[in-house]
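Participant: this is the structure alone, sequence omitted:
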């Protein structure tokens with residue numbers, strides 16, 4: 001029997017999903033373990049999860065990167081397809097934000113670009 005580092009395994013899936021969807025843009029990611037109460041819940045059991053943070057370099061020098069995140073609940077640690085799908089969705093949304101920023105530079109800001117909302121993968 002072997003031991004598995006969930007952070008490394010999730011990180012591998014995320015890195016692979018980013019590399020297949022990034023279209024040459026400069027993305028980064030991190031996976032961290034979290035334990036806390038779900039938002040709006042007082043008392044009760046802790047939610048044990050892993051948070052995935054994905055960043056995309058800002059097209060303007062000196063600006064912080066665009067960032068999005070999603071949570072993988074411990075019940076979904078084996079959901080490779082779900083983790084890859086939400087990673088690719090986050091990459092596409094951050095890419096749209098990047099493009100909107102460049103278009104705003106070229107054409108003048110028409111609508112302020114908004115970062116994607118955080119996603120969540122939870123057990124049923």
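Facilitator: Yes, it's here. Bear in mind that the values here come from a model prediction, so they are computed numbers and not experimental data.

Participant: and the helices in the protein, which stretches?
Facilitator: Ranges of helices within the chain are 6-21, 80-107, based on DSSP state H.

Participant: chain neighbours aside, what residue packs nearest to residue 23?
Facilitator: Ranked by C-beta to C-beta, 6 or more residues apart in numbering and with sequence neighbours excluded, the top spatial neighbour of residue 23 is residue 95, at 7.0 Å. Every residue, glycine included, has its C-beta placed from N, CA and C.

Participant: can you check the pLDDT for that neighbour?
Facilitator: If you check residue 95, the pLDDT there is 90.

Participant: next one: residue 122
Facilitator: 42.

Participant: do the same with residue 119
Facilitator: pLDDT, residue 119: 56.

Participant: repeat that for residue 12.
Facilitator: So residue 12 comes in at 95 (pLDDT).

Participant: and residue 20, what is it in contact with?
Facilitator: Taking C-beta atoms under 8 Å, 6 or more residues apart in numbering, we find residue 20 in contact with residue 88.

Participant: now do it against residue 87, distance only.
Facilitator: Remark: distance between residue 20 and residue 87 (C-beta to C-beta, to the nearest Å) = 10 Å.

Participant: do residue 4 as well
Facilitator: 19 Å.

Participant: thanks a lot, see you next time.
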